Structure formats: C-alpha cells, structure tokens
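Student: next come a sequence and a model predicted from it.
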Amino acid sequence: MSHLRSMVKPRALKPGDTIGIVSPASPIDPEKLAKGQRVVEDAGFRVKRFPHVLDADHYLAGSDRDRAADLQAAFQDDEVDAIWCSRGGYGCARLLPHLDLDAMAAANKLFLGFSDITTIHLALNRRGLPTIHAPMALSLSVPREPYVAASFLNVLQGADPIPAEAPRAEVAPPAHHTGDGLPPTEPPPREPQQAPDDGSWQNDSDAYLNPNQNARADEFLDQARRAEPRITDAMERIAEKAPGSELTGLEHRLKTEDSFKEKLSNAIQEDPGRSVIAHIADMKDSVRYTLQSAEGTYVQNVTRAIDSLLSDGYEPIKFKNSWGQPGYQGINSFWRDPETGHIFEVQFHTPESFDAKMSTHPLYEEARLPSTSAERATEVSRMQEEIFGAVPRPVGSPDIDLPGGAGSP
C-alpha cells in the first residue's frame, strides 16, 4: 500500500546490549517487574528502567505526558538497543498526540510488547519500523513453560523463535472444493463415531469433538478453572464497592464442560476450515459474571466497576452497550486477566433487563436453529423486542463507555 513505508529491520541483540523498560499503558507491580526483568538479565542483557516505569495513576502508569516522555526517550537514548514494554492494559492510544513517531521509527530499534501495545506497533509499522508482538515483563513474571522465555530470548537475538520443545499448533485441513471453480461444498461426512475411550467426545445431541479437538478443549477448560478463583475474588470485591449491586448467578460462573464442548462442536461444524485453536479463541465466556444493580444506582455502579477492573489491570477486549437500541438491553463486556491471560465475560444488568434476558433466551436459541423458518424467525425477533421494549432504561445508561470512548460498536 502506498501509505506504508518500506521496512528496515532493526539489528538483533547480543548479550551485553541494553534493553529499556517502559510502561506506556497500565501500571505494573514492582515485584512483578523485577521478576520479568530477571529473565533478560539472566540471559546476559543489561536493563535500563525509565523514570516513570513504576508510576501508577489509577488504571494508568502515570500521566499521558510522562508515559509518552519515557517511550520517546527510550527510542532516542543511544545507550538503549531495544524497548520492552512492562505490560499492556489500557492507555496507549492516549499517547499518540504526545509522540514524535517519525523520530521513533528512524531510531530503528527493536520494540516489543502486545495487547494494548498494538496501538504503538501499528503506528510504527506505518512509518517503516518492523516491531515484535512478544511477551512483556508481566508475562514472564509468572510461571510459564520453559519454551515461552526461550522463544522470547531467541527472538531478541534473531534466532529461530520456536524452540524444539515448543508444541506445534494444529494445521487446519483445507476446505472441500468441487474442483470446478465453484465455492466450497459441505465438508465430507465425518468418520463414524469412535469408541468412547479413544479421547473423543460426543453428547446426546450428536455434538462431536475428535480426540485432538477434545484435548484442546480440555486444556482450555483447565486454564479457565485455574483462572476463575482469582477473577471471582476480584469481581466480589468490585460488587462490595458498589452499594446495592450483586453478582447474579455466581454459581454458574464457569461454563459447564458439556455446554462449552457443544458450542465448540457447533462452531467447528459451521466453519470446518478454521483450526480448533482459532475456534476456542473466539469462545470468551468460559468464565462469566453478571453484575446486577437497581435502576437508580445502575450507571454509578457500572462506572465504578469499570474503573475498578481497569485499576486492577484487567484489559478490556470488547465492550458493547446495547441500552437504548432495539432489542436486547444491557452491557456485555470481555476482559483479559493480566495474571493468566484468560478472557472472561462481565454483563451489567438491572433486575428487569436480566429477567428479560432470561425469559427471551429460549427464543434466542430457537432463532439460531437452522430448522427455524424465516417467518418464525421474524416472529421470534418481534417477541424478543416486545419483551425488551418493556424494560425501564436507567437514565444515562446509553452513554456508559470505557474511558476515552474506546468501547466496541
């Protein structure tokens, strides 16, 4: 594309080079920074922390100007050979007006991070600097498989980024084509059901996962179970800080194994060309919560909960406010846990909107069935809108958003 400049790769690092650590987004705990920093120091690199790397201003690592100043200084510092972000979270987009991005790109240094840091990646890529999505200090401050740190250190030094011991992703089979230039047809029928002890999964509704798909699902559900207690503790603290709010249906915070696997099986059947890993990445409700507040305190409590989640380091992945629109009423949001990387769902409802959601759920499921006729689907949609149309709208609820208006459409 003409607006993209030709890219020149920064040089790889060697032991003894200096890595500058900055915090352009959310704040990092000093102990976690020290643990992540130790990984690169043990590999022979020197580290330079910039002045505001440990600043904390609610859910940001200091003011926008201070965070931007550190990032700019790291790129312009002749002593620094690479810039490593301490963590993601929220706030990088706010730095763009304060940065000389052309000068940063011209410095031609390695820049590493992911998550909210993607904003900076894209800005630098457009100016000709290749950058690296990579683990951050926070990522390496908790126990990981050895190949995670090994891969990161390989990338720094220009070596093969995939250590021999790292597991390989599943390769998706190609779509089934007719061979006559027409679009893909339905995939070939799956093999007959295998014996229950072969590692596959199947339920009474004939939803099916082959042994590999089932193993990947079990791994993900294990991750969800490990992440849940920490996230639940945080959500309970948030609810306690919001007078009159409650976590409704907390006993259902973990999606059941059968429900998760049936949903995964249906997704695979609908799009068999995608890998099971890609399908699982789209399933963001394995851990889920509903924070319910009365109409009169709804806006205040939701705003307080959002601030608390950001302050605790949870990264907003998606935020959809449906108040005031036709149909469904409420807020659905998805967040990434900074400790485990697991994504979870938080819905914000009033008692009335929650009741409407529960009463329309069978209609929602019916509308999704392939066997539902167009006429019936239209009738079901009308019934849902009628039920949600009777839900009182808390004053100011359509205006609730993430700070800076970063919510998803």
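Tutor: Arrived safely, thanks for sending. Residues are numbered from 1 along each chain as shown.
Student: in a helix, residue 345, correct?
Tutor: No. According to DSSP: H, G, I helix; E, B strand; the rest coil, residue 345 belongs to no helix; its state is strand.
Student: separation between it and residue 302?
Tutor: 15 Å (C-beta to C-beta, to the nearest Å). From N, CA and C alone the C-beta is placed, and that goes for glycine too.
Student: same check, this time on residue 76
Tutor: Distance from residue 76 to residue 302, by C-beta to C-beta: 41 Å.
Student: more neighbours, these two?
Tutor: Neighbour totals were compared for residue 76 and residue 302, and residue 302 leads with 26 against 14 (other C-beta atoms under 10 Å).
Student: what strand or helix carries that one?
Tutor: Per DSSP states H and E, residue 302 falls inside helix 298-311.
Student: pull the CA atoms of that helix into PDB?
Tutor: What follows is helix 298-311 as a C-alpha-only set of coordinates in PDB (Å, rounded to 0.1, in the frame of the first residue of the first chain):
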ATOM      1  CA  TYR A 298     -27.000   1.300  37.700                       C
ATOM      2  CA  VAL A 299     -25.000   4.000  36.000                       C
ATOM      3  CA  GLN A 300     -23.000   4.800  39.100                       C
ATOM      4  CA  ASN A 301     -22.200   1.200  39.900                       C
ATOM      5  CA  VAL A 302     -21.300   0.200  36.400                       C
ATOM      6  CA  THR A 303     -19.000   3.100  36.000                       C
ATOM      7  CA  ARG A 304     -17.400   2.200  39.400                       C
ATOM      8  CA  ALA A 305     -17.000  -1.400  38.300                       C
ATOM      9  CA  ILE A 306     -15.300  -0.400  35.000                       C
ATOM     10  CA  ASP A 307     -12.900   1.800  36.800                       C
ATOM     11  CA  SER A 308     -12.100  -1.000  39.300                       C
ATOM     12  CA  LEU A 309     -11.500  -3.500  36.600                       C
ATOM     13  CA  LEU A 310      -9.100  -1.100  34.800                       C
ATOM     14  CA  SER A 311      -7.400  -0.200  38.000                       C
END
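Student: which residues touch that helix?
Tutor: 26, 58-59, 89-90, 234, 237-239, 241-245, 291, 293, 316, 331, 333, 335, 346, 348, 350, 394-397, 400, 402-403 (C-beta atoms under 8 Å, 6 or more residues apart in numbering).
Student: just the buried residues of these.
Tutor: Among the contacts of helix 298-311, those classed as buried by 16 or more other C-beta atoms under 10 Å are 26, 59, 89-90, 234, 238-239, 242, 245, 291, 293, 316, 331, 333, 335, 346, 348, 350, 394, 397, 400, 402-403.
Student: flag the helix or strand of this protein with the lowest per-element mean pLDDT.
Tutor: Least confident helix or strand, the chain: helix 351-368 with a mean of 83, by mean pLDDT, DSSP states H and E.
Student: which strands and helices lie in contact with it?
Tutor: Secondary-structure packing of helix 351-368 (3 or more C-beta pairs under 8 Å, 6 or more residues apart in numbering; DSSP states H and E): strand 288-293, helix 374-389.
Student: what angle separates that helix from helix 298-311?
Tutor: In terms of direction (axes from the mean of the first three to the mean of the last three C-alpha atoms, to 10 degrees), helix 351-368 departs from helix 298-311 by 70 degrees.
Student: contacting residues around helix 351-368?
Tutor: 248, 290, 292, 294-295, 328-330, 349, 372, 376-377, 380-381, 383-384, 387-388, 390-392.
Student: tell me the SS of residue 83?
Tutor: What three-state DSSP gives for residue 83 is strand.
Student: and it, how many residues sit next to it?
Tutor: For residue 83, the number of neighbouring residues by other C-beta under 10 Å comes to 27.
Student: excluding sequence neighbours, find me the nearest residue to it.
Tutor: Nearest non-adjacent residue to residue 83, counting by C-beta to C-beta, 6 or more residues apart in numbering: residue 74, 4.6 Å away.
Student: quick one: whichever strand or helix holds the one you found to chain centroid distance?
Tutor: Residue 74 belongs to helix 64-76 when assigned by DSSP H and E. Helix 64-76 has its C-alpha centroid displaced from the chain centroid by 26 Å (C-alpha atoms, centre = their mean, to the nearest Å).
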